[in-house]
Every structure is written in C-alpha cells, then in structure tokens.
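In: coordinates only, no sequence provided:
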C-alpha cells in the first residue's frame, strides 16, 4: 500500500471515529504533551515546522543545564516539566518554554535507597499534568508528590518500599480527578488511584499476576461502558474502570515482562514485550511439572527447590526473579510461575478493545514473534506501526494485519535504544542512547532524511509542541526549532 493511501486511510478512520464515537479519551488538551509520550501515550501530536536538522550548533532555540534524570520533558502550555535526582533529593523542575529559564524547583528528600538496574535511574518516571496545571511526580524510592502550577507543594503520598528487579519506571496519568499509577513489582503489585486534589487514596486493586515491569497506562473511552484505564503487565492486558478500579476485561498471552507503553488506533491497541532471549520461538525451556521436579531434584527432601537444586543451568539466573516470596527457595506457586514465564513468547500483539471478562480468544487480532525491543514503545503514525530495537533495527507493519512492510537498520544510528520513537509534521524521530537522532519520512521505509548528533547520551523520550522538539540528554535540555 502506498504512503498516500495509508495517510488517506488513517485520516478517514480518524474522521469517522470523531463523527461516530466522539473523542477517544478524556485528556486535558489535545495540543499539550502533558504525560509520558504525549496525548494518551501515543508519541504523536499535530505540529508544523518541526525541524529535521538540528544539533548543538544548528537550529538551537535554547539549551538549559539540568540535573541528572531519565524522565521525559512534559509540556504544560508555556512551561516544561522534568524530574531529576540531585544531592540526595528528588527534584521537580518547571522551565519557561520560550527561554529555558528555571521557573521553580521543588524537592523532597530521598527516604531510602533501592536496588536499580544499571539502565534505570532514580528519576526515570515522567510527570503528569492535571487540568489546572498541577504537576504530579512519582519517584520509586519516595512515592507521589504534587505541586501547583507555581511550584507550591500540594501533597505527598508516600509509597514503597518496592521490590522491582529493575527499579520502578511507570509514569502516572491523570483521569477523572484521579492520579493513576501502576506499581508492579515482584510481590504485591497493584494499581493505585489517588485524589488529584488531596493525594488521598480513592481505590487500589491488586495485580497478583504482574511482576517487575514498568509500562505506563493509557485510557480507553469505551462506547458502551465507563472510561477505562488499560494496563499491560506480566501475561495480561487488563482494563479497569477509572471511577472504581473494577477489573472489566482482560487479554492473555503477553510475555511475562512488559516494559513498553501501548499505542491505540480507535478500538485497537498495539503493544510489544520482550522478556528474555529464551522466550523466542524455538528457544524456549521445557519446564517439568512441580511433582516431577521435586521427585527428581529435591535432594534434601524439604519439599522446596533451592538454588543448588535448580535443574536448568540456562535459567538459573532467573531464580531470584521467580522466587515470589523472596525466601531463597521455590515452592509450588513460584515453580508454576517460572513454568508460565518460560512458556510465554516475546512479541508484538494487536488487540481489539472492549468486552467483559477473559477476551483472549475473541480479541487478539494478530501476533508477531520475531525480535522486538525491550524498552522503546511502539509508534503508530500515518497508517504505519513502527518499532525500534537495539542495533538500530527498525520494523514497520501494516497495523490491520501485522504484515511486515520493511525491516532494516537505521543508517548511521546502529546503537542501543531506550527512548521511544515519536512523530509529528510528517517526520518520525528515533533517538539512540548515544544521542543520535535519526529523522525518517513516514510511509514504512527507513530512509534517513537527517541524522543529528547531540554529542551526549539520551535516555528520555522527546516532546514536541508548536514547531519545536525538546530533547533531554545527560546534562542538557535542548529546544530545537527552525531559525
């Protein structure tokens, strides 16, 4: 299918959806990048004049030195919000969008230190913005803290300690007067809603199947039901009633680790997950039943499996991950979780939204099981679905069928990728770990229109507004716009 045909199809679908169903989600403003990955986590926004070529000497509107953090820039009208960790404090910053000048700085002390994966950071989750411009920040080693638009602290809601093998990474969202946050960890995972005005808990729902991961939620305004918050986690996509936290429907068959944030197009959701290389088709471990395992490997006869008794050398490194009660032994429940984890498959999945109860058999549209990214989320733009993997390996799909359009490498940016791709103004942006920003024309191909070198590592997903792209590198927030 041609690029023009895909664009016409997408525009037609959007117009039909607008006429028939009204707005898909309840967000503060369609033109604000007011949460992680912008409007409903899509990574896409309407904009014109966004530059293709930029860098430390090219199309710089301003640059601002900022303290360390991996959180993404979030936009609230004339302001940009970031989080950081500096001198033992969790910092929330508000910067003027025209000049980069710091408007205010809020800070809370770090009450404890938790183990983080080397690819994570104490200030990794991005803030969410409420309807009045209030700012909601989450730090895994602290909890939630809220500020008004001028930087006055409104409330704190302590959370944790958490036991996530990677450290916490999901970002909050705001919906219907609630701040909603998934807190997935090794044991005791839950989805939380607090009152955006007071910080008081309004509801909490346990997520017993979910283990360590850090996917951020998206919203779905069902045509025949309440506004729903959709959360992916180990094995499942689950829909909850925003007002009550009631579990409405779910779809199984996802990998046991989920880190990317879904994207939506009308009533279809797309998400990918990567657990381990052993979750690729053809490489899976054959796990014996609990009774067979105990009979063959429980050398001391205590009815448990210790690390020394663990039967498979290839997966011995997963012992701590599947030790659900963290006691140094595997009991039957932990073993069954291990078996389910090893049976799950990495991949991309397309899911038709809606329903009641278990919708796995009815709602899975297609699956794709070749190599998919660990961290960057997918992107749906102008009728094409994209994903970017380490090594600069990019894949584009027909979203209706899962058919691969193109698979190749991003020229000049063969690197690791942590930031998620974004798109606007007829351009797709891929940001690599070493600060290479490849700009690709839409349509499903990967011919690089421009390759920009920021000269510093980049882990945060950029933001776009009013013809400018905002990119955070190791110590700098850049604003790029056409001169």
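Out: That came in fine, so what should we check first? Since this is a predicted model, take the numbers as computed values, not measurements.

In: which stretches of this structure have low pLDDT?
Out: 1-31 (pLDDT under 70).

In: can you pull out the helices in it?
Out: Residue ranges of the helices in the chain, as given by DSSP state H, are 3-21, 290-297, 319-322, 332-343, 360-363.

In: residue 108 versus the residue nearest to residue 149 when sequence neighbours are not counted, what's the distance?
Out: Excluding the flanking residues, the one nearest residue 149 by CB to CB, 6 or more residues apart in numbering is residue 133, at 3.5 Å. Glycine gets a C-beta too; all of them are placed from N, C-alpha and C. To residue 108, residue 133 is 20 Å away according to CB to CB, to the nearest Å.

In: identify each buried residue in stretch 246-255, please.
Out: Neighbour-count burial for stretch 246-255 flags 248, 249, 250, 251, 253, 254, 255 (criterion: 16 or more other CB atoms under 10 Å).

In: so who does the fifth one touch?
Out: Applying CB atoms under 8 Å, 6 or more residues apart in numbering, we find residue 253 in contact with 235, 344, 345, 349, 360, 364, 367.

In: wait, the fifth one sits on residue 254?
Out: No - no contact is recorded between residue 360 and residue 254 when judged using CB atoms under 8 Å, the distance being 9.9 Å.

In: what do these two both touch?
Out: Joint contacts of residue 360 and residue 254 (CB under 8 Å, 6+ apart) do not exist.

In: for stretch 313-324, how far is the first residue from the last?
Out: Counting by CA to CA, to the nearest Å, you get 20 Å between the two ends of stretch 313-324.

In: what comes into contact with that stretch?
Out: Contacts to stretch 313-324, defined as CB under 8 Å, 6+ apart, come from residues 165, 186-187, 211-212, 276, 278, 285, 307, 310, 326, 329-330, 333-335, 337-338, 341-342.

In: switch to 7 Å and redo it
Out: 165, 186-187, 278, 285, 307, 310, 330, 333-334, 337-338, 341-342 (CB atoms under 7 Å, 6 or more residues apart in numbering).

In: list the buried ones in it?
Out: Quick answer for stretch 313-324 (16+ other CB under 10 Å): 315, 318, 319, 321, 322, 323, 324.

In: how many other residues sit next to the residue nearest to the fifth one when sequence neighbours are not counted?
Out: Of all residues not flanking residue 322 in the chain, residue 338 sits nearest, at 4.1 Å (CB to CB, 6+ apart). The number of residues packed near residue 338 is 26, by other CB atoms under 10 Å.

In: how far away is residue 338 from residue 171?
Out: For residue 338, the distance to residue 171 - CB to CB - is 29 Å.

In: which ones are touching residue 464?
Out: So residue 464 contacts 33, 45, 47, 50, 422, 424 (CB under 7 Å, 6+ apart).

In: oh, that last question was meant for residue 269, not what I typed.
Out: Under the criterion of CB under 7 Å, 6+ apart, the neighbours of residue 269 are 230, 262, 351, 353.

In: recalculate using a threshold of 10 Å.
Out: 218, 220, 230, 232, 237, 239, 251, 262-263, 349-353, 363, 365, 380 (CB atoms under 10 Å, 6 or more residues apart in numbering).

In: cool, residue 48 as well?
Out: 424, 425, 426, 466, 467.

In: tally of neighbours for the nearest residue to the last one once chain neighbours are set aside?
Out: Counting by CB to CB, 6+ apart, residue 467 lies nearest to residue 49, which is 3.5 Å off, once chain neighbours are set aside. Counted with other CB under 10 Å, the burial measure for residue 49 works out to 11 neighbours.

In: test my guess that residue 49 contacts residue 468.
Out: Yes - counting by CB atoms under 10 Å, residue 49 touches residue 468, with 8.4 Å between them.

In: which neighbours do those two share?
Out: Common contacts of residue 49 and residue 468 (CB under 10 Å, 6+ apart): 481, 482.

In: who touches residue 411 in this structure?
Out: By CB under 10 Å, 6+ apart, the residues touching residue 411 are 392, 438, 440, 446, 447, 448, 451.

In: distance of the fifth one relative to residue 394?
Out: To residue 394, residue 447 is 11 Å away according to CB to CB.

In: and those two? Which one has more around it.
Out: Ranked by neighbour count (other CB under 10 Å), residue 447 and residue 394 place residue 394 first, with 24 against 11.

In: wait, the more buried one touches residue 385, no?
Out: No - Residue 394 is beyond contact range of residue 385, at 11.4 Å (criterion: CB under 10 Å).

In: who's in contact with residue 285?
Out: Contacts for residue 285 (CB under 10 Å, 6+ apart) come out as 276, 278, 279, 312, 314, 315, 318, 338, 339, 341, 342, 343.

In: which one of the residues you listed is nearest to residue 205?
Out: Of all those, residue 341 has the smallest distance to residue 205: 22.4 Å, by CB to CB.

In: follow-up on the earlier one: buried ones among the contacts of residue 269?
Out: Buried among these (16+ other CB under 10 Å): 218, 220, 230, 232, 237, 239, 251, 262-263, 349-351, 353, 363, 380.

In: from those, which land in strands?
Out: Of the buried ones among the contacts of residue 269, the ones assigned to strands by DSSP state E are 218, 220, 230, 232, 237, 239, 251, 263, 349, 350, 351, 380.

In: beta partners of the first one?
Out: Put plainly, it is residue 218. residue 230 (DSSP bridges).

In: mind listing what's buried in stretch 333-353?
Out: 334-339, 341-342, 344-351, 353.

In: gap between the two ends of it?
Out: Start-to-end span of stretch 333-353 (CA to CA) is 31 Å.

In: again, but for stretch 188-207
Out: 7 Å.

In: for it, the distance to its chain's centre please.
Out: In terms of CA atoms, centre = their mean, to the nearest Å, the centre of stretch 188-207 is set 19 Å apart from its chain centre.

In: and if you look at stretch 105-115?
Out: Here the centre of stretch 105-115 is set off from its chain's centre by 22 Å, with CA atoms, centre = their mean.

In: now swap in stretch 279-294 and tell me
Out: Counting by CA atoms, centre = their mean, stretch 279-294 comes out at 29 Å from the chain centroid.

In: related to what we said a few turns ago, in the contacts of residue 464, find the pair that's most separated.
Out: Using CB to CB, the two most remote members of the contacts of residue 464 are 33 and 50, lying 12.4 Å apart.

In: the two: who's more crowded?
Out: With neighbours defined as other CB under 10 Å, residue 33 and residue 50 compare such that residue 33 has more, 28 against 24.

In: about what we covered before: can you list the buried residues of stretch 313-324 in a markdown table and add distance to residue 89?
Out: Shown next, in a markdown table, are the buried residues of stretch 313-324 (distance: CB to CB, whole Å):
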| residue | distance to residue 89 |
| --- | --- |
| 315 | 40 |
| 318 | 35 |
| 319 | 36 |
| 321 | 31 |
| 322 | 35 |
| 323 | 33 |
| 324 | 34 |
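
In: now do the buried residues in stretch 187-195.
Out: In stretch 187-195, counting by 16+ other CB under 10 Å, buried: 189, 190, 191, 192, 193, 194.

In: please disregard the earlier target; I meant stretch 407-426.
Out: Using 16+ other CB under 10 Å as the test for burial, stretch 407-426 gives 410, 413, 415-424, 426.

In: would JSON lines of these with distance to residue 475 be doable?
Out: Shown next, in JSON lines, are the buried residues of stretch 407-426 (distance: CB to CB, whole Å):
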{"residue": "410", "distance to residue 475": "25"}
{"residue": "413", "distance to residue 475": "21"}
{"residue": "415", "distance to residue 475": "19"}
{"residue": "416", "distance to residue 475": "19"}
{"residue": "417", "distance to residue 475": "20"}
{"residue": "418", "distance to residue 475": "16"}
{"residue": "419", "distance to residue 475": "16"}
{"residue": "420", "distance to residue 475": "21"}
{"residue": "421", "distance to residue 475": "23"}
{"residue": "422", "distance to residue 475": "22"}
{"residue": "423", "distance to residue 475": "27"}
{"residue": "424", "distance to residue 475": "26"}
{"residue": "426", "distance to residue 475": "31"}
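
In: before I go, just wanted to say thanks for your time.
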